[in-house]
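Chemist: give me a 3D structure for the following:
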Amino acid sequence: MTVEYITSKNLFLLICDALNLMDKSLVKHGTRVSYIMSRMLECKGGYEKFEIADFMLLAVLHDIGAYKTDDVRKPLSYEAKNVLPHSIYGYLFLKYLSPLTEQSKMILYHHVDTSKIQGIDYAYLEETEILKVAEITDIWMRAFGDKFDYHMLEKYKGTKFSEKAIALLYEAVEKYDIFTKLADGTYQQEFEESLEYVLLSDEEKDKYIRMLMYCTGLKDEEMVANTIETICVCRELAAKMRLSEMDKNEIYYGALLHDLGMLTIPTNLLNAPRKLEDSEINLIRTHVNIITQLLQGRVSKNIIDIVEAHHERFDGSGYPKGLKGGSMNEKQAILQIAETVVNMSVDKPYRKAYSKEEIMEELNNGIVDGKFEGIVADTLMKNYDDIMTKAREKADATLVTHQKLKRNSEQVYKNFTK
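Modeler: Numbering: from 1, shown residues only. Got it, this is the predicted structure:
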């Protein structure tokens with residue numbers, strides 16, 4: 001599938017922005033580590049600019065497992081306790097759900113002492129050592145403040161950290177004055193300038209965008225399942241309606257991205273087994289504006305329009321703008337109806353799933369009342385069994401990878417702690 005809707009640099013920034021929705025401090029740590037690592041790699045030499053950019057993205061993502069396993073609001077405390085769970089989960093997350101399959105073991109090893117991984121046959125062992133030194137440097141800078149001295153690493157040379165990696169840090173300090181730039185914030189400009197060299201293939205872009213969708217599972221696994229099924233219903237509906245390939249692709253990416261704003265919503269509200277108060281409902285509704293703002297200037301306007309309208313209704317009763325039918329199109333209608341039907345068809349903490357008959361009644365009433373776009377809703381009603389069966393089969397197949405991540409996480413942990 002051709003991904004011509006987003007540049008490589010904008011995708012990198014979108015990933016950072018999306019993770020920021022969960023916790024800004026962890027992303028700030030990741031970008032600082034990314035910057036330090038990039039300068040160390042420059043000193044090491046032998047890399048193309050785009051290769052360094054790939055390692056920079058991995059460095060930004062190096063603690064992604066912590067979103068699942070730790071309290072990310074306390075970065076210094078989770079780095080000080082048992083780090084294996086988030087290292088393992090992050091490794092498997094990137095292995096299965098990102099283009100960084102080969103580099104993912106760097107995350108697995110990035111907290112393991114040098115003395116314990118020497119001799120391991122791994123192509124990126126040197127880069128792993130550089131990541132380790134870059135990370136501990138940022139952690140100690142924040143922990144010790146004015147008392148920080150990077151020569152503190154000398155004590156652990158050859159045991160926790162490799163001599164070569166520490167030497168590269170020293171060289172980066174001399175050549176790039178990295179600590180001054182980290183202290184005054186000017187490193188951010190150099191960090192963004194490096195992103196001009198991010199060079200992702202269409203396949204890599206597609207996989208990273210899907211990875212963003214899987215990030216919602218770091219907060220709520222049910223959300224991933226619902227989003228995947230919504231995507232599949234959208235694709236089946238679009239095929240039945242004989243939409244163009246471009247329209248199908250725009251709906252696909254709109255469906256992939258539409259619920260990323262939910263990353264800001266407290267989990268206790270997402271899974272509340274009760275009727276929500278008006279203030280809580282309004283808070284949940286902010287997820288539409290959040291993802292719309294996040295996508296501005298990053299992806300094409302057509303995709304943003306689909307995302308922004310996924311809770312609008314053709315009679316003007318939706319949100320956030322209360323749009324009416326004349327200002328919307330069938331691509332927007334497909335996501336609206338697909339998400340509505342998927343949400344009705346699954347159990348919620350506060351209600352049981354709707355039966356097929358109840359869903360058909362809701363769709364029919366929606367057509368009569370002008371709530372749903374008639375052609376799209378009618379297409380789903382006439383092909384309900386076929387569309388829903390195919391969508392669930394495809395969703396189940398896609399979820400296998402996500403479920404394997406959880407199973408393998410437990411197994412890798414057992415192997416590491418033998």
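
Chemist: quick one: distance of stretch 207-216 to the chain centre.
Modeler: Here the centre of stretch 207-216 is set off from its chain's centre by 4 Å, with CA atoms, centre = their mean, to the nearest Å.

Chemist: okay, it in CSV with CA atoms only?
Modeler: What follows is stretch 207-216, C-alpha atoms only, in CSV (Å, rounded to 0.1, in the frame of the first residue of the first chain):
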residue,chain,number,x,y,z
LYS,A,207,4.0,-0.4,9.8
TYR,A,208,4.9,2.6,12.0
ILE,A,209,1.3,4.0,11.5
ARG,A,210,-0.1,0.6,12.5
MET,A,211,2.3,0.7,15.5
LEU,A,212,0.8,3.9,16.6
MET,A,213,-2.6,2.2,16.6
TYR,A,214,-1.2,-0.6,18.8
CYS,A,215,0.0,2.1,21.2
THR,A,216,-3.6,2.4,22.4
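
Chemist: tell me the residue in the protein that is farthest from the middle.
Modeler: In the chain, the residue that sits farthest from the middle, by CA atoms, centre = their mean, is residue 368; the gap is 38.6 Å.

Chemist: which secondary structure element contains that residue?
Modeler: If you go by DSSP states H and E, residue 368 is part of helix 356-369.

Chemist: show me what counts as buried in the helix or strand following that helix.
Modeler: Note on helix 356-369: by DSSP H and E, the next helix or strand toward the C-terminus is helix 374-382. Buried residues in helix 374-382, counted by 16 or more other CB atoms under 10 Å: 376-377, 379-381. In short, each C-beta sits where N, CA and C put it, glycine included.

Chemist: likewise stretch 184-191?
Modeler: Within stretch 184-191, the residues that count as buried by 16+ other CB under 10 Å are 187, 191.

Chemist: mind saving the C-alpha coords of it as PDB?
Modeler: Taking Å, rounded to 0.1, in the frame of the first residue of the first chain, the C-alpha atoms of stretch 184-191 are listed here in PDB:
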ATOM      1  CA  ASP A 184      20.100  25.100  27.700                       C
ATOM      2  CA  GLY A 185      17.700  23.200  25.400                       C
ATOM      3  CA  THR A 186      19.400  24.000  22.100                       C
ATOM      4  CA  TYR A 187      19.900  20.300  21.500                       C
ATOM      5  CA  GLN A 188      16.300  20.300  20.300                       C
ATOM      6  CA  GLN A 189      17.100  22.300  17.200                       C
ATOM      7  CA  GLU A 190      19.900  19.800  16.300                       C
ATOM      8  CA  PHE A 191      17.600  16.900  17.000                       C
END
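
Chemist: that older thread, distance to residue 55 and pLDDT for the buried residues of helix 374-382 - can I get that in CSV?
Modeler: As requested, these are exported to CSV (distance: CB to CB, whole Å; pLDDT from 0 to 100):
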residue, distance to residue 55, pLDDT
376, 44, 97
377, 48, 97
379, 47, 97
380, 45, 97
381, 51, 97
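
Chemist: what lies in contact with stretch 103-117?
Modeler: Contact with stretch 103-117 is made by 54-55, 58, 61-62, 64-65, 83-84, 87-88, 90-92, 94-95, 98, 120, 122, 124-125, 127-129, 131-132, 135, 158-162, 412, as judged by CB atoms under 8 Å, 6 or more residues apart in numbering.

Chemist: what is the helix holding residue 368 packed up against?
Modeler: The criterion is 3 or more CB pairs under 8 Å, 6 or more residues apart in numbering; DSSP states H and E, and the helices and strands that helix 356-369 contacts are helix 330-345, helix 374-382, helix 384-416.

Chemist: mind doing that once more with 7 Å?
Modeler: With contacts defined as 3 or more CB pairs under 7 Å, 6 or more residues apart in numbering; DSSP states H and E, the packing partners of helix 356-369 are helix 330-345, helix 374-382.

Chemist: got those as CSV, with distance to residue 221 columns?
Modeler: As requested, the helices and strands packed on helix 356-369 are arranged in CSV below (distance: least, CB to CB, whole Å):
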stretch, distance to residue 221
helix 330-345, 15
helix 374-382, 26
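
Chemist: can you pull the poorly scored residue ranges out of the stretch 301-418 of the chain?
Modeler: Applying pLDDT under 70 to the stretch 301-418 of the chain flags residues 417-418.

Chemist: follow-up on the earlier one: now the residue farthest from the centre of the chain: how far from residue 382?
Modeler: Separation of residue 368 from residue 382 (CB to CB, to the nearest Å): 16 Å.

Chemist: same deal with residue 226?
Modeler: From residue 226 to residue 382 the distance is 24 Å (CB to CB).

Chemist: and residue 275, how many neighbours?
Modeler: When neighbours are counted by other CB atoms under 10 Å, residue 275 registers 8.

Chemist: which residue is nearest the middle of this structure?
Modeler: Nearest to the geometric centre of the chain sits residue 212, at 2.8 Å (CA atoms, centre = their mean).

Chemist: you'd agree it is in a helix?
Modeler: Yes: according to DSSP: H, G, I helix; E, B strand; the rest coil, residue 212 belongs to a helix.

Chemist: mind listing what it touches?
Modeler: 15, 18, 257, 260 (CB atoms under 7 Å, 6 or more residues apart in numbering).

Chemist: residue 322 too?
Modeler: Counting by CB under 7 Å, 6+ apart, residue 322 touches residue 316.

Chemist: so it, which of the three states?
Modeler: Secondary structure, three-state DSSP: residue 322 is coil.

Chemist: and the gap between it and residue 216?
Modeler: Residue 322 is 26 Å from residue 216, by CB to CB.

Chemist: out of the helices and strands packed on helix 356-369, nearest to residue 265?
Modeler: Residue 265 lies closest to helix 330-345 among these, at 15.1 Å (CB to CB).

Chemist: buried ones in the closest one, by neighbour count?
Modeler: Buried residues in helix 330-345 (16+ other CB under 10 Å): 330-342, 344-345.

Chemist: one more: stretch 230-250?
Modeler: Applying a neighbour-count criterion of 16+ other CB under 10 Å, the buried positions in stretch 230-250 are 230-238, 240-241, 243, 247-250.
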